[in-house]
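Student: Predicted model and sequence below, questions to follow.
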Amino acid sequence: MGIWNRWMAALEDRHQKRMIAASEQPRPRTVNLPWGCTVLMAVMAAFFAAFAIFTINLERDLAGGGVEADGVVVREYTSNKIKYFDVAFTTPDGRRHVTPIELDHWHDEPDGVGSRVSIEYPESDPDGTVEQAGRTTADRMVLPIIASVASLIFLIFAYRLRPKRPR
């Protein structure tokens, strides 16, 4: 047996001992959560369903009992990369309100400070959600429909990922 063969035999022997030692070591314990993924998907479905219900109620309040008013942009600023416009308006009872409106809630961006805009707010809460007036029904329902579809998708995944009974 030449030097090369002895060296290869020693290397193989060392490798075999290492493999045996590794197989005898205790494996890390894993936690078996058969319902874990199903529960996670169900919680996500519930979150998106609640969000859809909230936005539908908000849009229904604006569509059904929304009050239109004329306002004036008093300030324009950016916070966390989101552009806002502070709009001052007066309610029919004579109270003056100033509220921030995100750029996403406008069809047409106001011209700047001092421009007149038409807004809409819920009659019960003029300090609450204020948006640009004249939004279409399709525009109002985009976010609730997306949240409802997301909830349905998570429900389907929760059903598909549930533990199956052995047959």
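Tutor: Ah, there it is.

Student: What pairs with the least confident helix or strand in the chain by mean pLDDT, parallel or antiparallel?
Tutor: When each helix and strand of the chain is scored by mean pLDDT, DSSP states H and E, strand 131-132 comes last, with a mean of 74. Note on strand 131-132: by DSSP bridges, its sheet partners are strand 116-122 (antiparallel).

Student: pLDDT averaged over stretch 17-34 - what is it?
Tutor: Taken as a whole, stretch 17-34 carries a mean pLDDT of 74.

Student: which outside residues touch that stretch?
Tutor: residue 163 (C-beta atoms under 8 Å, 6 or more residues apart in numbering). From N, CA and C alone the C-beta is placed, and that goes for glycine too.

Student: mind listing the strands for the protein?
Tutor: In the chain, the segments counted as strands under DSSP state E are 66-79, 82-90, 96-102, 116-122, 131-132.

Student: Can you say which of those strands is packed in most?
Tutor: Neighbour counts (mean count of other C-beta atoms under 10 Å) averaged over each of the strands of the chain peak at strand 131-132, with a mean of 21.

Student: any residues touching that one, and which ones?
Tutor: For strand 131-132, the surrounding residues in contact (C-beta under 8 Å, 6+ apart) are 62, 101, 105, 106, 107, 108, 117, 118, 119, 120, 121.

Student: Please apply the same query to stretch 160-167.
Tutor: Applying C-beta under 8 Å, 6+ apart, the external contacts of stretch 160-167 come out as 34, 35, 37, 38, 41.

Student: got the residues you listed as CSV, with neighbour count columns?
Tutor: Listed next are the contacts of stretch 160-167 as CSV, based on neighbours: other C-beta atoms under 10 Å:
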residue, neighbour count
34, 10
35, 12
37, 15
38, 17
41, 20
